[in-house]
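Trainee: return atomic coordinates for the entry below.
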Amino acid sequence: MKIRVAKYAGFCEGVRRAVAMALDLAQKLHDPLYTCGELIHNPQVISLLRKKGVTDISDPKEAAGGSVLIRSHGISPSVRAQVERLKIPMVDATCPHVLRIHSVIRKAAQAGASTVIVGDAGHAEVEGLLGCTQGRGYVVGSLEEVDSLPPLDGPVCVVAQTTQDEEVFDRVARLLKERCPQAQIHHTVCLSTRLRQEEVRDLAGEVDAVVVVGGKNSANTARLAQIASATGVATYHIETPGELDAGEFSKFASVAVTAGASTPNWIIRKVVTRLAHIGRSRADRLLEPARVLVRFLALSNLYVAAGAGAFTYCASLLLSVRSDWRYPLMAFLSILSLHTVNQYLAAKGASYFYVYGRSRLGGMLRVFCAGAAAVAAVILAATVGWVEALVVALGLALGSVYGMQVAPAAFRRIIGFRSLRDIPASKDIFAAAGWAVLVAGIPAMSCWPDIPFAKLACVFALVFVMVYVRSTLLDVGEIERDRAVGREATPFVLGKRRTKVLVGALVAGSLILLVAGYLAQVFGSLALLLCALPVYTAGYLFLYHQRLVSREISLELLVDGKFLLAGLLAWVWMAAA
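Mentor: Predicted coordinates for the structure are as follows:
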């Protein structure tokens, strides 16, 4: 089965902003957090928010003693005034585009105009818009409903619900203009909605079936399903991958997947994975044992740990340190322990994020294995020297408590965080620094202070950049997941676009570092061979940007493959020397 994923599927900017604000406030506020109605129309996200302490209420009076977050759909001026009268702290997460429509309607109402809203009567956004009309608002959802409007003799303002079908809005607007030549038409269907609707129309003509993922109570998701169905293609509106019938979908050769603006990426990925499993041919199923093995290596962190060991071997040769099998093994054990512990802590209570169910790999068994690896790493470091053992033990301890709230609550009130993960952009920086110490710092200690500082600094920087790029790239695709479990990654601070620019600059910088290091005789000829690393990195960054690789496991295997490549290149160079 060929699966095509819509480019514009998933959270729109307004929804992403609202969810990020809710999760951020839930983490920082000490008082209860409430939303006037559901923040967005997606049951899975609402369930997540409730587990994080964000409660949706129907009456502002229920928010006494807490704070109110205005949902992405907005609220009416009367409800906003009620919250202000109750003196309840309020944070506005209304979609900026919805706020602009509020402004348009208020100006029209102040000028004595009536407002016709083309949308779904009773919808949260429409109710908020109606509240701005000063009692002179009307809602129509189709051409037929235009006939039920009373005579509109004065000025008329026509707007659309942001998620309205643009073709329906255009037809209704033309009819209203015929009836009321004085009507002012405002095209307020948001760009995100238009792009999704245009894309689903195009996809529907190229596949055998369309799967629309999102809440059954989501107007924009339901609209996507209606548009696809109107083309005659088999259309399925689902909320979770469990609703996909294997027998039904096995007959399709091609399927398109799109999603509403309130559907998180982790659900879309699960649906795509389920469809891929259903669509496998008999020959594909013969490869299932190999897929299981690959998933095990990735999910158990054995793959990335092996990469750390290989990278350590490479760094030792760059540093001109005598090859010692204990350094790569030390890095392997340490990274295996750290990644397993932090992965377990992140997945605990949030297994719905993971396509392959990482949290099922073993609870306490995983913790035991991580602990055993940590102990083995420290003992191995002790055979090299007590300083090395101390550094490894300290690094493992700091890495393991990264996500734990070890500081008192009062400490958070003073400086804003209780754990290391609360520090903005800390996740990627700490990961890169930890790897750099293990991969470059520990081997260098055996020859300190004979190693030139310039050489050590260059190798340390190379390792830091390669790992930072790895961590940051994986974060770009996991923004909702990381924010929900409390990890402050770089994309939250800089945004996706700036993060990609930063990553590109770092990759280019690593290439310059290797070439300049060779020309300055800081490194030997191995540095030229290792220029393949930034080239390889640029290659998978391009593939990711072009959406040619997006699955969770595939991306991790590709990204972490550069560390194994580094070890292979170092081995080839050593063998040829």
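Trainee: quick one: the strands in the stretch 51-200 of the chain, in order.
Mentor: 54-57, 67-70, 90-92, 114-118, 137-140, 156-160, 184-185 (DSSP state E, counting those that start in this stretch).
Trainee: nearest to residue 446, out of these?
Mentor: strand 54-57 (51.5 Å; CB to CB). To be clear about C-beta, it is placed using only N, CA and C from the backbone, and glycine gets the same treatment.
Trainee: tell me what the closest one is packed against?
Mentor: Where contact means 3 or more CB pairs under 8 Å, 6 or more residues apart in numbering; DSSP states H and E, strand 54-57 is packed against helix 13-28, strand 33-36, helix 43-51.
Trainee: show me what the longest one packs onto, helices and strands only.
Mentor: When you say that, I think you mean helix 13-28. Contacts defined by 3+ CB pairs under 8 Å, 6+ apart place helix 13-28 against strand 33-36, helix 43-51, strand 54-57, strand 67-70, helix 96-110, helix 479-484.
Trainee: can we see that at 6 Å?
Mentor: helix 479-484 (3 or more CB pairs under 6 Å, 6 or more residues apart in numbering; DSSP states H and E).
Trainee: what's the answer for the last one, then?
Mentor: Based on contacts counted as 3+ CB pairs under 6 Å, 6+ apart, there is no element that helix 43-51 packs against.
Trainee: where does pLDDT dip in the stretch 451-577 of the chain?
Mentor: 475-495, 547, 549-553 (pLDDT under 70).
Trainee: low-confidence ranges in the stretch 101-250 of the chain?
Mentor: For the stretch 101-250 of the chain (pLDDT under 70), the answer is none.
Trainee: let me see the ranges of the helices in it.
Mentor: Along the stretch 101-250 of the chain, counting by DSSP state H, counting those that start in this stretch, helices occupy 124-130, 143-146, 166-179, 191-204, 219-230, 246-249.
Trainee: okay, those in JSON lines with distance to residue 427 and mean neighbour count next?
Mentor: As requested, the helices of the stretch 101-250 of the chain are arranged in JSON lines below (distance: least, CB to CB, whole Å; neighbours: other CB atoms under 10 Å):
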{"stretch": "helix 124-130", "distance to residue 427": "34", "mean neighbour count": "23"}
{"stretch": "helix 143-146", "distance to residue 427": "51", "mean neighbour count": "14"}
{"stretch": "helix 166-179", "distance to residue 427": "40", "mean neighbour count": "16"}
{"stretch": "helix 191-204", "distance to residue 427": "28", "mean neighbour count": "19"}
{"stretch": "helix 219-230", "distance to residue 427": "31", "mean neighbour count": "22"}
{"stretch": "helix 246-249", "distance to residue 427": "37", "mean neighbour count": "12"}
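Trainee: which one of those helices lies nearest to residue 333?
Mentor: helix 246-249 (41.4 Å).
Trainee: identify all contacting residues around that closest one.
Mentor: residue 278 (CB atoms under 6 Å, 6 or more residues apart in numbering).
Trainee: okay if I get the strands of the stretch 51-200 of the chain as a markdown table plus mean neighbour count?
Mentor: Compiled in a markdown table, these are given as follows (neighbours: other CB atoms under 10 Å):
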| stretch | mean neighbour count |
| --- | --- |
| strand 54-57 | 16 |
| strand 67-70 | 23 |
| strand 90-92 | 16 |
| strand 114-118 | 26 |
| strand 137-140 | 20 |
| strand 156-160 | 25 |
| strand 184-185 | 18 |
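Trainee: which one of those strands lies closest to residue 257?
Mentor: The nearest among the strands of the stretch 51-200 of the chain, by CB to CB, is strand 156-160 at 26.4 Å.
Trainee: how far does that closest one sit from the chain's center?
Mentor: 36 Å (CA atoms, centre = their mean, to the nearest Å).
Trainee: list the pairing partners of it within its sheet, with orientation.
Mentor: strand 114-118 (parallel), strand 184-185 (parallel) (DSSP bridges).
Trainee: just to revisit the earlier point, ok, which of the strands of the stretch 51-200 of the chain comes nearest residue 323?
Mentor: Taking those one by one with CB to CB, strand 54-57 is closest: 53.8 Å.
Trainee: which pLDDT does the model give the residue lying closest to residue 400 once chain neighbours are set aside?
Mentor: If the residues on either side of it in the chain are set aside, residue 400 comes closest to residue 341, at 5.0 Å by CB to CB, 6 or more residues apart in numbering. Note on residue 341: pLDDT of 83.
Trainee: and the next element down the chain from the helix or strand residue 341 falls within?
Mentor: Counting by DSSP states H and E, the element that carries residue 341 is helix 326-347. Next helix or strand after helix 326-347 toward the C-terminus (DSSP H and E): helix 363-382.
Trainee: for that following helix, what is the distance to the chain centroid?
Mentor: Put simply, helix 363-382 sits 30 Å off its chain's centre (CA atoms, centre = their mean).
Trainee: what residues sit buried inside the helix or strand that it is followed by?
Mentor: Using DSSP H and E, the helix or strand that follows helix 363-382 in sequence is helix 386-400. Buried positions in helix 386-400, judged by neighbour count with 16 or more other CB atoms under 10 Å: 388, 389, 391, 392, 393, 395, 396, 399, 400.
Trainee: list just the nearest of the residues you listed to residue 86.
Mentor: Distances from residue 86 to the buried residues of helix 386-400, taken by CB to CB, are shortest for residue 400, at 44.3 Å.
Trainee: can you pull up the bridge partners for the nearest residue to residue 29 once chain neighbours are set aside?
Mentor: Leaving aside its chain neighbours, residue 29 sits nearest to residue 67 (6.0 Å; criterion: CB to CB, 6+ apart). Taking DSSP bridges as the rule, residue 67 bridges to residue 33.
Trainee: residue ranges with poor pLDDT in the stretch 251-400 of the chain?
Mentor: 281-288, 345-363.
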